[in-house]
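Q: Quick one: sequence plus predicted model below, questions after.
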Amino acid sequence: MKAKLESAKKDLQLERVENEDTSRRLAKAVEKLENSETARVMVESLVEPQKDGMLWMKHCRIISVANSVLNSVDLDQTVAHLLVTTRNDGYAQGYSECTHHVNNVLRVNWDTSRSATHGVDTEVVHAAAKTEYNNLHLPMMDLVTDALQADDFVAELKEVFPDEGDDDEDLE
């Protein structure tokens, strides 16, 4: 009976050790679970403002950026000048070609002094207008570029393009 009692005590001691080991492993697993839940909540709190910023960009300010560029007075003036020089250069080249054909066919020296482009080097003017267009500098693009290089570019863009009575309800 004493041997059985000793054996039972050893079994009980072994069960206690196993129970403590299991409890310790369970506590570690619970701690890991709590840490992973904390990490998930922290990541969600970091991602949510980014989502809101992207929605703001998508629904509100991309259009503002495009409109600020497309409605730029500098762009309008440069494009208008380019169109005029293109038309003038095309007119001058067409007039020159037509004059050349008339001179060849009729064997005369056609008088071009009354041409609107007489004495004007329209190719040079047109090339200068193309260069002006290709090198056009829009200050708004500098603001956008600087904002996009910031860590919190959405906040920077919100300063450049403040909400002008836009309803935030569209974002939800």
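A: Right, received. Where do you want to start?

Q: Okay, now the unreliable bits of the protein?
A: Low-confidence segments of the chain (pLDDT under 70): 60, 163-172.

Q: how about the helices in it?
A: Using DSSP state H, the helices assigned to the chain run over residues 2-56, 62-70, 73-106, 122-134, 139-148, 153-160.

Q: what's the domain layout of the chain?
A: What automatic domain parsing lists as the domains of the chain is 1-42, 51-171.

Q: Redo those as TSV? Include mean neighbour count.
A: Every residue, glycine included, has its C-beta placed from N, CA and C. Formatted as TSV, the domains of the chain follow (neighbours: other C-beta atoms under 10 Å):
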stretch	mean neighbour count
domain 1-42	10
domain 51-171	13
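
Q: quick one: Asp11 and Ala3, what's the gap?
A: 12 Å (C-beta to C-beta, to the nearest Å).

Q: need the helices of the chain in JSON lines with distance to Ser113, can you?
A: As requested, the helices of the chain are exported to JSON lines (distance: least, C-beta to C-beta, whole Å):
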{"stretch": "helix 2-56", "distance to Ser113": "62"}
{"stretch": "helix 62-70", "distance to Ser113": "42"}
{"stretch": "helix 73-106", "distance to Ser113": "11"}
{"stretch": "helix 122-134", "distance to Ser113": "16"}
{"stretch": "helix 139-148", "distance to Ser113": "44"}
{"stretch": "helix 153-160", "distance to Ser113": "54"}
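
Q: between these, which gets nearest to Ser115?
A: Nearest to Ser115 among the helices of the chain is helix 73-106; the distance by C-beta to C-beta comes to 5.4 Å.

Q: so what does the closest one touch, helix or strand wise?
A: Counting contacts by 3 or more C-beta pairs under 8 Å, 6 or more residues apart in numbering; DSSP states H and E, helix 73-106 packs against helix 122-134.

Q: what's the angle between the helix it packs on and helix 73-106?
A: Relative orientation of helix 122-134 versus helix 73-106 (axes from the mean of the first three to the mean of the last three C-alpha atoms, to 10 degrees): 160 degrees.

Q: which strands and helices sit next to helix 122-134?
A: Taking 3+ C-beta pairs under 8 Å, 6+ apart as the contact cut, helix 122-134 packs with helix 73-106.

Q: Now find how far off-centre the helix it packs on is within its chain.
A: For helix 73-106, the separation from the chain centroid amounts to 38 Å (computed by C-alpha atoms, centre = their mean, to the nearest Å).

Q: angle of that helix against helix 62-70?
A: 50 degrees.

Q: can you give me the angle helix 73-106 makes with helix 139-148?
A: Computed by the same axes, to 10 degrees, the angle between helix 73-106 and helix 139-148 is 130 degrees.

Q: hmm, back to that, and Ala116, which of the helices of the chain is closest to it?
A: Of all the helices of the chain, it is helix 73-106 that lies closest to Ala116, at 7.1 Å by C-beta to C-beta.
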